[in-house]
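Trainee: Predicted structure and sequence below. I'll ask about it afterward.
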Amino acid sequence: MRSRTQALRPTAASHRPGTLWSDMSDNNRPQRAPRRSRPAPRPAEYRNAAVAPVLTLSKDDYVPTAFIELGVPPSVDFGLAAAGFTTPFAIQTKAIPVALTGRDVCGRAKTGSGKTLAFGVPLLARLTKEGEPRRPAALVLVPTRELALQVAEVLAPVAIACGRTVLAVYGGASRQQQIDALQAGVDVVVATPLRLIDLLKENELQLDAVEILVLDEADRM
């Protein structure tokens with residue numbers, strides 16, 4: 001099986017510790033959240049993500065997961081529990097504690113080993129502000145539409161439970177719907193390069209507020 005390399009580092013735009021995750025594989029199948037029931041209609045900010053599941057876990061029923069031991073804040077751990085993630089994989093155990101400190105991280109793990117949450121959990125935990133209209137707080141750059149959908153599908157259930165929004169933007173889908181969602185304000189944008197460039201050129205998306213940047217499968221871009 002192929003391996004992948006990741007790196008975390010500050011963004012130039014924000015002057016705050018940011019995340020750069022470089023994923024060096026050409027076959028990414030991220031860890032998926034279990035689907036408990038038929039998905040509810042997608043709200044605007046998730047219309048381009050793969051799924052917006054119904055989360056049934058209440059605060060009273062919440063039991064901390066093993067992610068807490070990695071330093072994950074309770075708000076994000078609740079999101080993990082609500083999405084059905086209770087035990088971290090090896091890459092998550094190694095990467096999350098370091099990424100939570102704001103340090104640069106470079107990691108490698110086999111395909112299907114949970115790398116999306118390895119960068120997604122610290123991303124959600126370290127966001128300090130909410131996305132504004134056309135100005136997301138975090139950007140995940142991926143090479144393909146399929147990967148954009150996969151990453152959004154993994155992150156969306158956790159993000160919903162901790163009060164964050166995720167939007168996937170890519171070619172081959174309604175540009176206007178993506179613009180409408182961006183104008184409503186999105187915390188995390190998962191984008192393919194060409195659609196990102198298109199939105200930037202038309203001033204429909206601005207990156208000056210980005211705190212954390214993730215490059216997924218950088219060798220393919």
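Mentor: That came through fine. Residues are numbered from 1 along each chain as shown.

Trainee: Pull out the buried residues from stretch 86-102.
Mentor: Buried residues in stretch 86-102, counted by 16 or more other C-beta atoms under 10 Å: 88-89, 91-100, 102. C-beta here means a position set from N, CA and C on the backbone, and glycine is covered the same way.

Trainee: meant to ask about stretch 112-125, not that
Mentor: 113-125.

Trainee: circling back: okay, and which of the buried residues of stretch 86-102 map to helices?
Mentor: Counting by DSSP state H, the part of those found in helices is 91-100.

Trainee: Reformat those as a markdown table; add pLDDT and distance to Tyr62.
Mentor: Shown next, in a markdown table, are those (pLDDT from 0 to 100; distance: C-beta to C-beta, whole Å):
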| residue | pLDDT | distance to Tyr62 |
| --- | --- | --- |
| Ile91 | 93 | 25 |
| Gln92 | 95 | 20 |
| Thr93 | 95 | 21 |
| Lys94 | 94 | 26 |
| Ala95 | 94 | 24 |
| Ile96 | 96 | 19 |
| Pro97 | 96 | 22 |
| Val98 | 95 | 26 |
| Ala99 | 95 | 23 |
| Leu100 | 96 | 20 |
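
Trainee: Save those residues as a markdown table, and put in distance to Leu167 too.
Mentor: Written out in a markdown table, the entries for those read as follows (distance: C-beta to C-beta, whole Å):
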| residue | distance to Leu167 |
| --- | --- |
| Ile91 | 25 |
| Gln92 | 24 |
| Thr93 | 29 |
| Lys94 | 29 |
| Ala95 | 24 |
| Ile96 | 23 |
| Pro97 | 28 |
| Val98 | 27 |
| Ala99 | 22 |
| Leu100 | 24 |
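
Trainee: picking that back up, select from the buried residues of stretch 112-125 every entry located in strands.
Mentor: Nothing among the buried residues of stretch 112-125 maps onto strands, per DSSP state E.

Trainee: Which members of those residues occur in helices, if any?
Mentor: Checking the buried residues of stretch 112-125 against DSSP H, those in helices are 115-125.
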